[in-house]
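Undergrad: Just the structure for this:
(one chain, ligands or ions: 2)
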Amino acid sequence: MAQFEPVLTRNWNVENGHTLRVYEARGGYQAARKALTTMSPDDVVNLVKASELRGRGGAGFPTGLKWSFLPKDRTETLMCVNGDESEPATFNNRLLIERDPHQFLEGILISCFATRATTAYVYLRFEYIAGYKMMERAIAEAEAAGHLGRNIYGSGFDLKVVLHRGAGAYICGEETGLIESLEGKRGWPRIKPPFPAVEGAFRKPTVVNNVETLCCVPHIVERGADWFKSIGTPKSYGPKLYCVSGHVNKQVCVELPLGVTTRQLIEEHAGGVWKGRKAKAAVPGGISMGLLAESEFDVPLDFEALRPTGCLGLGTAAVTVLDETMPIIDYLAICARFFAHESCGQCTPCREGTNWLNKTIHRIKNGGGRLEDLDILEQLSQNMGITPGTTICGLADGAAWPVKNALAKFRGELEEYIRTHQNPASLPTPLQTAIAQGVPTGPIYDLPIPMRPGQLQAPAARPAPSSLPALTASS
Ligand SMILES: Cc1cc2nc3c(=O)[nH]c(=O)nc-3n(C[C@H](O)[C@H](O)[C@H](O)COP(=O)(O)O)c2cc1C
Ligand code: SF4
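TA: Numbers count the residues shown, from 1 in each chain. Ligands and ions are numbered 1, 2, ... in the order given. As a prediction, the model looks like this:
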């Protein structure tokens, strides 16, 4: 393969690379000009289809195919750009926005032209204040220079870009949660179908794409589909931003061909595992993707190769390294707390399941675990999510995957932890507390109800079983 030339990050270390002046001087907006003045929207869609660009937001859905799902007879289309980026340890969108906002805007412009969207909502993670300000300035510059607004480059195409700040919820990154939130409602994912392409924001046909996905588009228009497909592995094409964090010497975000391995990322780009230690495991693409054991570090990080390892997929390609001293139960406790907090609560298996995972994992961590808890965790994690078909969105799958992978790959360590960290006396359950306090208890629904912290109230006395009315066939 020819020497890899980074394109998405090419302006990152250029002085004033974020300004329109420098961006244009380095060839910026030429691809947009080419698309709008020499191509039809369908030409652009077909080009992106031919490149086999897959979404960089987590699900890896083919971008051109998604665009072609828009109804042919639509009168209005909206674009929602997903810059929520709340998957832990993921920060590539932030850097793309802050360091090269015009590349991002050019990607939006070409993609909106292709899909005939005349309004693009950029949904930005609440915490990205610097990125928000950068985008405000870039939009103003682009409007003044005629890259946005009415009749762009004399093509007859109009585009308005609207910035929208999220309010700090992970679930608003899910595309229909994002749409609900954009509409001013609670970020509750919608049941699909209808998919956003048919009925999305404000009930209009809507395209939802990730920031990095759209940043790839100008380069595909400029260099062609064959160039794009010459980068990567046999089925996963193009450049990709990989974030590396956790127990490494240098936390980085680096642009590489799809299919680099975890070991290459750690050793060649992140300065190795910190403190001279060895790695135990790594999260391959955000915590919802699960866990790779160290023995799997040579598996290519692409859309295909991760599946046989039991991981959910490439996700956001944000790799987090766990060194040999990190107990797997601690990693699980961090994941479980996050998902229990972020579940929107609409689906029972997710609302209850994430909480039970969290409670059980924390009880094990705190020394109150039993070996059978691992089977309970296994059962719980197998029964929540889109994969078993019990929830509306993929948050529940993301909550289950770290548990499934940890049980499959580190069960021995978890069993050993339970055996060697037994401290039930210091961790009474409500039932144990009640027994210790002499409060009468009965079947499970008779558990005492805490009235104030530390105060327990016995349930009201129930009639003795003999005085209950007899059950009849008609009752
Ligand atoms: C719980 C959850 C959170 C998500 N968060 C994000 C996010 O922060 N950014 C993102 O681009 N996609 C996120 N996604 C994926 C989006 O639903 C959607 O697939 C993506 O934005 C589509 O863009 P793409 O095809 O360009 O990848 C999330 C999905 C789920 C289930
Ligand atoms: S799976 Fe969880 S986060 Fe997703 S809609 Fe259901 S309850 Fe909400």
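Undergrad: how close does the residue in the stretch 101-250 of the chain that ligand 2 sits nearest to sit to G57?
TA: Going by Cβ to the nearest ligand atom, ligand 2 is nearest to P189 of the stretch 101-250 of the chain, at 4.2 Å. Yep, even glycine has a C-beta here, placed from its N, CA and C like the rest. Going from P189 to G57 by Cβ to Cβ, to the nearest Å gives 14 Å.
Undergrad: who has more neighbours, the two?
TA: Shown here are P189 and G57; by other Cβ atoms under 10 Å, G57 has more neighbours (26 against 22).
Undergrad: Could you verify that that one is part of a helix?
TA: No: under DSSP: H, G, I helix; E, B strand; the rest coil, G57 falls outside any helix and is assigned coil.
Undergrad: N209 is in contact with that one, correct?
TA: Yes: in this structure, G57 is within contact of N209 by Cβ atoms under 8 Å, at 7.2 Å.
Undergrad: shared neighbours of these two, anything?
TA: Common contacts of G57 and N209, defined by Cβ atoms under 8 Å, 6 or more residues apart in numbering, comprise N82.
Undergrad: Chain neighbours aside, what residue packs nearest to the residue sitting nearest the centre point of the chain?
TA: With distances taken as Cα atoms, centre = their mean, E87 lies nearest the centre of the chain, 4.4 Å away. Of all residues not flanking E87 in the chain, G286 sits nearest, at 3.6 Å (Cβ to Cβ, 6 or more residues apart in numbering).
Undergrad: Equivalent analysis for Y23, please.
TA: In space, and not counting its chain neighbours, Y23 is closest to H102: 4.0 Å by Cβ to Cβ, 6+ apart.
Undergrad: The strand or helix carrying that neighbour - what's its average pLDDT?
TA: Assigned by DSSP states H and E, H102 falls within helix 101-115. Helix 101-115 shows an average pLDDT of 98 in the prediction.
Undergrad: Which residues of the protein lie near ligand 2?
TA: Selection of the chain residues close to ligand 2 by Cβ under 6 Å from any ligand atom yields 171, 189, 343-347, 350-351, 391-393, 395-396.
Undergrad: Turn these into JSON lines, including distance to ligand 1.
TA: Converted to JSON lines, the residues of the chain next to ligand 2 look like this (distance: Cβ to the nearest ligand atom, whole Å):
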{"residue": "I171", "distance to ligand 1": "6"}
{"residue": "P189", "distance to ligand 1": "7"}
{"residue": "S343", "distance to ligand 1": "9"}
{"residue": "C344", "distance to ligand 1": "9"}
{"residue": "G345", "distance to ligand 1": "13"}
{"residue": "Q346", "distance to ligand 1": "12"}
{"residue": "C347", "distance to ligand 1": "12"}
{"residue": "C350", "distance to ligand 1": "10"}
{"residue": "R351", "distance to ligand 1": "14"}
{"residue": "T391", "distance to ligand 1": "10"}
{"residue": "I392", "distance to ligand 1": "9"}
{"residue": "C393", "distance to ligand 1": "5"}
{"residue": "L395", "distance to ligand 1": "4"}
{"residue": "A396", "distance to ligand 1": "9"}
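Undergrad: Among these, name the buried ones.
TA: Buried members of the residues of the chain next to ligand 2, counted by 16 or more other Cβ atoms under 10 Å: 171, 189, 343-344, 346-347, 350-351, 391-393, 395-396.
Undergrad: Closest one of those to T316?
TA: Proximity of those to T316 (Cβ to Cβ) peaks at L395, which lies at 14.2 Å.
Undergrad: Now that that closest one has come up, it's in contact with A169, right?
TA: No: at 10.7 Å, L395 and A169 do not qualify as touching, with contact defined as Cβ under 8 Å.
Undergrad: Please enumerate the shared neighbours of these two.
TA: Common neighbours of L395 and A169 (Cβ under 8 Å, 6+ apart) are E342, C344.
Undergrad: Just the mean pLDDT for the strand or helix carrying D226, thanks.
TA: Assessed by DSSP H and E, D226 sits inside helix 225-229. Helix 225-229 comes out with an average pLDDT of 98.
Undergrad: Can you tell me what sits against that helix?
TA: L47, V48, A50, S51, E52, L53, C216, H219, I220, Y237, G238.
Undergrad: Give me the buried subset of these.
TA: L47, V48, S51, E52, L53, C216, H219, I220, Y237, G238.
Undergrad: Look up the pLDDT of the last one for me, please.
TA: Think G238. Taking G238 on its own, its pLDDT is 98.
Undergrad: That one and E255 touch, don't they?
TA: No: using Cβ under 8 Å, G238 is not in contact with E255, being 10.4 Å away.
Undergrad: picking that back up, pLDDT for the buried ones among the residues of the chain next to ligand 2 - can I get that in JSON lines?
TA: Below are those laid out as JSON lines (pLDDT from 0 to 100):
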{"residue": "I171", "pLDDT": "97"}
{"residue": "P189", "pLDDT": "98"}
{"residue": "S343", "pLDDT": "98"}
{"residue": "C344", "pLDDT": "97"}
{"residue": "Q346", "pLDDT": "97"}
{"residue": "C347", "pLDDT": "97"}
{"residue": "C350", "pLDDT": "98"}
{"residue": "R351", "pLDDT": "97"}
{"residue": "T391", "pLDDT": "97"}
{"residue": "I392", "pLDDT": "98"}
{"residue": "C393", "pLDDT": "98"}
{"residue": "L395", "pLDDT": "98"}
{"residue": "A396", "pLDDT": "98"}
